[in-house]
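Colleague: Have a look; sequence and predicted model below, questions after that.
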Amino acid sequence: MPHLTSSTAGSASTDVRTGFGIPGYAHPLLAPTEWGELTRPGTPLHWVVLNVADGPGTRPDPHCLEAAGRVRNAGVRVLGHLDTAYGARPFADLISDAHRYLDWYRVDGFLLNRCPTERTGLPETRRTVTTLRALRDDTHIVLGHGTHPYPGYAENADQLVTFSGSWGDYRWSQVAEWTADYPPERFCHLVHGVPRGHLDEALRIARWQGASTIYFTDRTDRDGCADPWEGMPGYWDEIVSRIGTGVSE
């Protein structure tokens, strides 16, 4: 079974405690405060996704390189964003993007966004993951399904995003029974539109469903017209304090 490996030494290294997985803030020039907060000592971060232009872009971006370097120097994994388009993206394109991320930004691993969930998509996903692991030692792989996939995917990644969506859907969500065979550090939940007054409830759901990597925000997708992950939640300091004191353990 794949397992979590330690990142660069630092207080924000991934362990079994609840912490944040940042799906990808806006460009550092547009979100300087957000990127700056990621280097605050003691912030419980498991990883941060660098998404330059729905991928690595066409040329190195010095601003992204600087921001990623500061985060990595703080002891936090930086993951490159690879869009699999639910299995429709050509294998060669994914690996080409991965090489760019490694060459330009020295990432620690990858988030395979819009990852397939069906059994039929597993062989190609396994092929991609195997190739990505061969490109760099200790490559951290997160499969961004956004829902519970066929159980076999869990054998091919360090972590699975088994929920990505709105608070309205999350509060009534159900966990798949097979996830009980794995520890909480194998699963991630990303939830937008979480009101401040429901943070405790959201943290309880993550704990009950066995996910130790989370990201909750009060930002919304405006019915699909906005990216809820590009900015920091209004209650960032509060949720950092709650997670840091182990309230969701």
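Modeller: Yep, it's here.

Colleague: hmm, which helix or strand of this protein has the shakiest average pLDDT?
Modeller: Ranking every helix and strand in the chain by mean pLDDT, DSSP states H and E puts helix 236-244 at the bottom, with a mean of 92.

Colleague: CA atoms only: put it into CSV for me.
Modeller: What follows is helix 236-244, C-alpha atoms only, in CSV (Å, rounded to 0.1, in the frame of the first residue of the first chain):
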residue,chain,number,x,y,z
TRP,A,236,-8.5,31.9,7.6
ASP,A,237,-7.0,32.9,11.0
GLU,A,238,-9.8,31.2,12.9
ILE,A,239,-9.6,27.9,11.1
VAL,A,240,-5.8,27.9,11.3
SER,A,241,-6.1,28.3,15.0
ARG,A,242,-8.7,25.5,15.3
ILE,A,243,-6.7,23.1,13.3
GLY,A,244,-3.5,24.0,14.9
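
Colleague: Name the residues of that helix that are buried.
Modeller: 236, 239-240, 242-243 (16 or more other CB atoms under 10 Å). Every residue, glycine included, has its C-beta placed from N, CA and C.

Colleague: Just put those residues in TSV and tack on distance to V142.
Modeller: TSV is the format used below for these (distance: CB to CB, whole Å):
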residue	distance to V142
W236	22
I239	20
V240	21
R242	23
I243	19
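
Colleague: and the least confident helix or strand of the chain, what other elements does it pack with?
Modeller: If you count contacts as 3 or more CB pairs under 8 Å, 6 or more residues apart in numbering; DSSP states H and E, helix 236-244 packs onto helix 199-209.

Colleague: Tell me which residues of the helix it packs on come out buried.
Modeller: Buried residues in helix 199-209, counted by 16+ other CB under 10 Å: 199, 202-203, 205-207, 209.

Colleague: Stretch 150-161 too?
Modeller: 150-151, 153-154, 156-161.

Colleague: Give me the angle between the least confident helix or strand of the chain and helix 199-209.
Modeller: Orientation check (axes from the mean of the first three to the mean of the last three CA atoms, to 10 degrees): helix 236-244 against helix 199-209 gives 40 degrees.

Colleague: which residues make contact with helix 236-244 from outside it?
Modeller: With contact meaning CB atoms under 8 Å, 6 or more residues apart in numbering, helix 236-244 is reached by 18-20, 37, 40, 42-44, 196, 199, 203, 214, 216, 233, 248.
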